[in-house]
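Q: below is the sequence, then the predicted model.
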Amino acid sequence: MAKKKTIRTIPQERTPMREQDALVRAGNFEEVARGYNLEDALRESERCLLCPDQPCIAGCPVGIDIPGFIRKIGEKNLRGAYDILTDTNLLPSVCGRVCPQETQCEGVCTVGESLEAVAIGRLERFVGDTAIKEGWSNIPYIEANGFHVGIVGSGPAGMACAADMAKAGCDVTVYEAFHQPGGVLRYGIPDFRLPNAVIDAEIENLKKLGIKFECNTLVGRLFTIEQMIDEMGFHAVFVGVGAGYPTMLNIPGDSLNGVLSANELLTRCNLMHARDFPNFDTPLPIGRRVAVVGAGNTAMDAMRVSIRLGAEKVYCIYRRSRTEAPARVEEVHHAEQEGVDFHWLTNPVSVLNDGTGSVRGMRCVRMELGAPDESGRRRPVPVADSEFDFEADLIVYAIGTNANPIMGQTSEMKLNKWGYIGVDETLATSVAGVFAGGDIVTGAATVIEAMGAGRKAARSMKAYLGIRDPALPYCGATGGEALFGIDERERNFARVRVA
Amino acid sequence: MSNFEIVAREDFSDVTYLLEVRHPMMARAAKPGQFVIVMQNEQGERIPLTIADFDRNKGTITLVIQAVGKTTRQMQQECQVGTSLYGMVGPMGIPSPISHAKKVLCVGGGLGVAPIFPQARGFKESGAYVIAVLGFRNKDLVFWENKFRECCDELILCTNDGSAGMKGMITDGIKVALAGHANIEEVVAIGPPVMMKACADATRPYKIKTMVSVNPIMVDGTGMCGGCRVKVGDEVKFACVDGPDFDGHLVDFDDLMLRLQRHKNDEKLAHERWSENCRMTNPPGPGAGDVLAGGTAAQSDVLELPDPSEDAPGG
Ligand SMILES: Cc1cc2nc3c(=O)[nH]c(=O)nc-3n(C[C@H](O)[C@H](O)[C@H](O)COP(=O)(O)OP(=O)(O)OC[C@H]3O[C@@H](n4cnc5c(N)ncnc54)[C@H](O)[C@@H]3O)c2cc1C
Ligand SMILES: Cc1cc2nc3c(=O)[nH]c(=O)nc-3n(C[C@H](O)[C@H](O)[C@H](O)COP(=O)(O)OP(=O)(O)OC[C@H]3O[C@@H](n4cnc5c(N)ncnc54)[C@H](O)[C@@H]3O)c2cc1C
Ligand code: SF4
Ligand code: SF4
Ligand code: FES
């Protein structure tokens, strides 16, 4: 065995990722970050100290065995690394690209205390992309158990739940309202951050598990959740419909032509291919001067899409400061490189009418940070007499979303006071056999959290259906022996000798 | 769901056509007032269309469509019996509440005549006395007159030029109905926004509850884009999930009409390019001609006083 690594012996600098040049990429929709090659990955894997206490694992919402997979990379055993990743994470190529690593796994990495953290996300992406290129997939031996499971919504939550239930032997059908599956991954996050080919490859893997995708199906209205259980023969249902109902600012001028939600802009551009208009029929308003309100991932995506569509000037309007911006650090950085003009501590007051019902500009007020609020962040307060106008012909709101009302309108499921679906700690809803997770339970969150919820719901569904779950070993007191089953308390586990 | 086969088609005029699409599950679920979103082909736009009728036994959904722009005209040319739509999702929207009103006035202008039908039938079935006022520009555009006669107690047909029924605007028809019946409890009006606005204005003095079905531009139809937002009273509503039916006395129609024009230039461009291609591959036939005038004229003078049955997209 090689000598133990220490913080002083590892490569000090984080291995950079090749990127398309900012000037070139601002004119295309190709992926910005080009990923690691084997050499980069090997070098970066050197930087992991394989800490015995593994703090990074606790930082990952699904608890990936991070040092485990990084060690395999170091051994040039990429297939082994892929196997470890897919034990917990269905979509390594996706998460490696879109997770806010700086607040999750990398945020607690030991190396990060004195140097830049190990680039866990980039390594994960490298392994996932290699698997797609090599056509790897981990299809276990599946024995059908006769249970039918319905999944509503094909975003990350639905996909993760579907995969686990299919692996357990259930007959799984995923219903999606749009004409293509993928949820936000498809309609929201643009190609230059997450290419469609990656989503297609991951969905192909799900189909290999026997999962059926039924698009063009609006659950609730075509049939209800209750009908799925009572009439359509589903033994259990998972609801992962996301929370996409956009918030408008409620300021004068909201309904002028030229004011739209980031969801509308992104859906037109990504899902409907409006950027290829008129080869595709869906039109897209293209602004010369675009102001995007908000500073989350959605806002960054809207700004960077606008730049690629040819806007001359793109402004970011955000009422707090850069440190409070909720977007991934890398996205803010990329947006800056591509020329977005950031106006921190600025709040919109009204949208200005050009006299014909279209947008001419925006009136804003400067803000300053006052005393901390309940969330611990310093509350922005307007600076007196600091209103100013600027010219813009497209205003995009990216200030958050709410629960979509269709489920509440059409089913008996209890909602919480904000309109999200209410669940207990097992993610069970108030309707027997129906579970829910992802954004529709928590409000807008992250891809990996939605997937974690999908998997958690799958565990509960298996328990509900009485399916033995070989993925749930109960080791412990017995020593040398592992127990496989649903729940120790139910005493239905099998004892297996561990070699 | 995929493969939405067109099993029947009928052409009412140069610009109006009916498609009957197979979708047994939707035929079972559909209720008056709901709509679908259709994608004719993979490159196509998602367009909302009202469910004008449904046949639970045959398992079909009926759409009545007016060719006004690129998509609706391409469909007019290509959607023949035996072909399939790439996508059709629904039924969307909150079903129209069929109240227990004893006497109801159902008003349909131009294309709005189709979507008012399931409501007229619904009211009849719930025991109401149903008076229908249907408005068209001229006799050639009239459709479904008999279908309405079967389920309504009274029918007032108006045409702008008097070539069928009474001569006059649809509001004239409404006035006749209001004059003849003092006890109308509810009015339901569907048609181009100008027409619905005029109806709401006509019933406002009588304080009769007036429901209208708005038709803003939509993308997803599931409450996710906010493109379909309309002002209703002091509130902003998303027509696809909060509607499409709203209290006509509260809807801000001027705002609606303005927002309908927001992609006017792009729509023209898409249409011109498409007709250009058609001319190169097909000789111009009926339907590929210059019907656009009807649609755009209605769009450009929307703020003027209503031509009741102006065939702008409605429903
Ligand atoms: C523009 C944008 C950028 C983002 N960037 C990041 C990022 O970089 N990193 C990150 O971690 N997170 C990011 N997020 C957040 C992340 O994408 C979401 O938290 C995650 O996708 C939620 O997953 P979900 O499965 O709960 O729902 P969704 O992904 O929203 O999927 C729900 C699916 O259900 C379908 N559906 C809805 N109603 C029905 C119905 N009645 N019947 C059938 N189907 C229905 C919808 O069409 C949709 O496809 C971003 C979000 C957006 C909008
Ligand atoms: C709830 C609802 C129900 C409808 N029912 C019917 C119906 O039963 N029959 C019918 O013929 N038409 C109906 N319409 C209108 C129909 O959707 C539009 O005529 C169609 O989208 C026009 O597309 P186009 O490409 O042919 O024309 P375009 O050239 O794209 O547009 C012509 C005009 O149609 C309107 N329009 C364009 N795109 C949309 C869109 N995505 N959503 C709504 N309006 C749009 C605009 O005002 C535009 O100026 C309905 C609209 C709504 C919202
Ligand atoms: S899934 Fe996300 S949080 Fe977990 S290890 Fe991968 S990049 Fe980090
Ligand atoms: S905390 Fe960092 S260095 Fe330690 S095992 Fe995890 S990734 Fe490696
Ligand atoms: S059509 Fe997108 S929210 Fe209504």
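A: The structure has been received and is ready for your questions. Ligands and ions are numbered 1, 2, ... in the order given.

Q: longest strand of chain A?
A: strand A:359-372 (DSSP state E).

Q: wait, what's in contact with the closest residue to A:G169 other than its chain neighbours?
A: Closest residue to A:G169 apart from its sequence neighbours, by C-beta to C-beta, 6 or more residues apart in numbering or on different chains: A:N145 at 3.8 Å. Quick note: C-beta positions are derived from backbone N, CA and C, even for glycine. By C-beta atoms under 8 Å, 6 or more residues apart in numbering or on different chains, the residues touching A:N145 are A:A168, A:G169, A:C170, A:I467.

Q: now list the buried members of those.
A: A:A168, A:G169, A:C170, A:I467 (16 or more other C-beta atoms under 10 Å in any protein chain shown).

Q: dump those to CSV, plus pLDDT and secondary structure.
A: Shown next, in CSV, are those (pLDDT from 0 to 100; DSSP: H, G, I helix; E, B strand; the rest coil):
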residue, pLDDT, secondary structure
A:A168, 85, coil
A:G169, 87, coil
A:C170, 91, coil
A:I467, 81, coil
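
Q: next helix or strand past the longest strand of chain A?
A: Next along the chain after strand A:359-372, taking DSSP states H and E as the criterion, comes strand A:378-382.

Q: please enumerate the strands of the stretch 151-300 of chain A.
A: A:171-175, A:212-214, A:236-239, A:245-246, A:259-261, A:289-293 (DSSP state E, counting those that start in this stretch).

Q: of the ones you listed, which stretch is the most buried?
A: Mean neighbour counts were taken over those using mean count of other C-beta atoms under 10 Å in any protein chain shown, and the top value, a mean of 28, falls to strand A:236-239.

Q: for burial, what's the neighbour tally of whichever residue of the stretch 351-499 of chain A sits closest to ligand 4?
A: Relative to ligand 4, the nearest point of the stretch 351-499 of chain A is A:I448 (16.0 Å; C-beta to the nearest ligand atom). Look at A:I448: counted by other C-beta atoms under 10 Å in any protein chain shown, it has 24 neighbours.

Q: that one: what's it in contact with?
A: A:I448 neighbours (C-beta under 8 Å, 6+ apart): A:C60, A:P61, A:V62, A:N89, A:C95, A:C99, A:Q104, A:P156.

Q: helix or strand: which one has it?
A: Per DSSP H and E: helix A:447-465 holds A:I448.

Q: so what's the residue count around A:R125?
A: Neighbours of A:R125 using other C-beta under 10 Å come to 25.

Q: I meant to write B:G180 there.
A: 11.

Q: do the one 3 residues further on as well
A: Burial measure for B:N183: 9 neighbouring residues, criterion other C-beta under 10 Å.

Q: which residue sits closest to it, ignoring its sequence neighbours?
A: Distance criterion C-beta to C-beta, 6+ apart; nearest residue to B:N183, sequence neighbours excluded, is B:K103 at 5.5 Å.

Q: what about the one you found, distance to B:I131?
A: 7 Å (C-beta to C-beta, to the nearest Å).

Q: more crowded one of the two?
A: B:I131 (26 against 16).

Q: quick one, what contacts the more buried one?
A: B:K103, B:V104, B:L105, B:C106, B:C152, B:D153, B:E154, B:L155, B:I156, B:A177, B:H181, B:I184.

Q: mind doing that once more with 7 Å?
A: B:L105, B:C152, B:D153, B:E154, B:A177, B:H181 (C-beta atoms under 7 Å, 6 or more residues apart in numbering or on different chains).

Q: what's the first helix or strand after the helix or strand it falls within?
A: Element membership for B:I131, per DSSP H and E: strand B:129-136. Scanning forward in sequence from strand B:129-136 by DSSP H and E, the next helix or strand is helix B:145-151.

Q: can you list the residues that contact the helix or strand just after that next one?
A: Counting by DSSP H and E, the element after helix B:145-151 in chain order, helix or strand, is strand B:154-159. Identification of contacts with strand B:154-159 by C-beta under 7 Å, 6+ apart yields B:131-139, B:145, B:148-149, B:164-170, B:172-173, B:176-177.

Q: how about stretch B:169-177?
A: B:105, B:107, B:109, B:131, B:133, B:135, B:156, B:158, B:160, B:166, B:195, B:198-199, B:202, B:306, B:308-309.

Q: export it as CSV, just CAs?
A: Provided in CSV are the C-alpha atoms of stretch B:169-177 (Å, rounded to 0.1, in the frame of the first residue of the first chain):
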residue,chain,number,x,y,z
MET,B,169,-74.8,41.6,-34.1
ILE,B,170,-74.8,38.9,-31.4
THR,B,171,-75.5,41.6,-28.8
ASP,B,172,-78.8,42.3,-30.8
GLY,B,173,-79.7,38.6,-30.3
ILE,B,174,-78.9,38.9,-26.6
LYS,B,175,-81.2,42.0,-26.3
VAL,B,176,-84.0,40.1,-28.0
ALA,B,177,-83.6,37.2,-25.5
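
Q: tell me which residues in the longest strand of chain A are buried?
A: A:V359, A:R360, A:G361, A:M362, A:R363, A:C364, A:V365, A:R366, A:M367, A:L369.

Q: the third one: what's it in contact with?
A: Pointing back at A:G361 there. Here A:G361 is in contact with A:L352, A:D389, A:F390, A:E391, A:A392 (C-beta under 7 Å, 6+ apart).

Q: 10 Å instead?
A: Shown in contact with A:G361 (C-beta atoms under 10 Å, 6 or more residues apart in numbering or on different chains): A:253, A:289, A:291, A:350-354, A:389-393, A:395.

Q: just the buried ones from those residues?
A: The neighbour count (16+ other C-beta under 10 Å) marks A:G253, A:R289, A:A291, A:S350, A:V351, A:L352, A:N353, A:F390, A:A392, A:D393, A:I395 as buried among the contacts of A:G361.

Q: which of those fall in strands?
A: A:R289, A:A291, A:S350, A:V351, A:L352, A:N353, A:F390, A:I395.

Q: now pLDDT too, for those, in TSV please.
A: TSV is the format used below for these (pLDDT from 0 to 100):
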residue	pLDDT
A:R289	89
A:A291	91
A:S350	89
A:V351	90
A:L352	89
A:N353	87
A:F390	89
A:I395	92
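
Q: chain B: helices as residue ranges?
A: B:24-29, B:70-78, B:113-125, B:145-151, B:170-180, B:193-203, B:239-242, B:253-259, B:264-281, B:292-300 (DSSP state H).

Q: thank you, goodbye.
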